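**Student:** Need coordinates for the below:
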Amino acid sequence: MSIQAHRCNQDNCNGFILAENADYNYEHAMKNNNGILDRCKCTECGKEFVMVVAHVLVEVDEDDMLVDELPQCDIREYEKSQIRK
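**Tutor:** Predicted coordinates:
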């Protein structure tokens, strides 16, 4: 088990959102809970956040070690690039 920590993104809040990175049941979350794995609250302002099933595209080195997360772009950006070809 490990704990994920995120900084709260609410204005004037210096709190943290802590999420236990537990053995989640992904199948149950997808079938019965709209992809929500857990609900977490900010330690300062109490704002609720949800842990969801997600897929992230990352760059890895030759040893499959994480290099960086690739930023997402709007699909329309890709579509426009194909029109110009």
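**Student:** in which helix or strand would I find F49?
**Tutor:** strand 48-52 (DSSP states H and E).
**Student:** That strand: partners in the sheet, and parallel or antiparallel?
**Tutor:** Applying DSSP bridges to the sheet, strand 48-52 is found paired with strand 36-41 (antiparallel).
**Student:** Could you list the buried residues of the strand it pairs with?
**Tutor:** Neighbour counts over strand 36-41 (16 or more other CB atoms under 10 Å) mark 37, 40 as buried. (Glycine included, C-beta is placed from N, CA and C.)
**Student:** just the strands in the protein please.
**Tutor:** 2-7, 16-21, 36-41, 48-52, 58-60, 66-69 (DSSP state E).
**Student:** Run the angle between the third one and strand 16-21 for me.
**Tutor:** Using axes from the mean of the first three to the mean of the last three CA atoms, to 10 degrees, one finds that strand 36-41 and strand 16-21 are set 150 degrees apart in direction.
**Student:** quick one, phi/psi of the residue nearest the centre of the chain?
**Tutor:** Residue closest to the average C-alpha location in the chain (CA atoms, centre = their mean): A54, at 6.2 Å. The phi and psi values for A54, taken as degrees, to the nearest 10, are phi -150, psi 160.
**Student:** Quickly note the distance from it to I36.
**Tutor:** Distance, A54 to I36, by CB to CB, to the nearest Å: 11 Å.
**Student:** same deal with V52?
**Tutor:** In terms of CB to CB, V52 sits 6 Å off from I36.
**Student:** give me the low-pLDDT residue ranges for this protein?
**Tutor:** 1, 85 (pLDDT under 70).
**Student:** what about 50?
**Tutor:** Under the criterion pLDDT under 50, no range of the chain is flagged.
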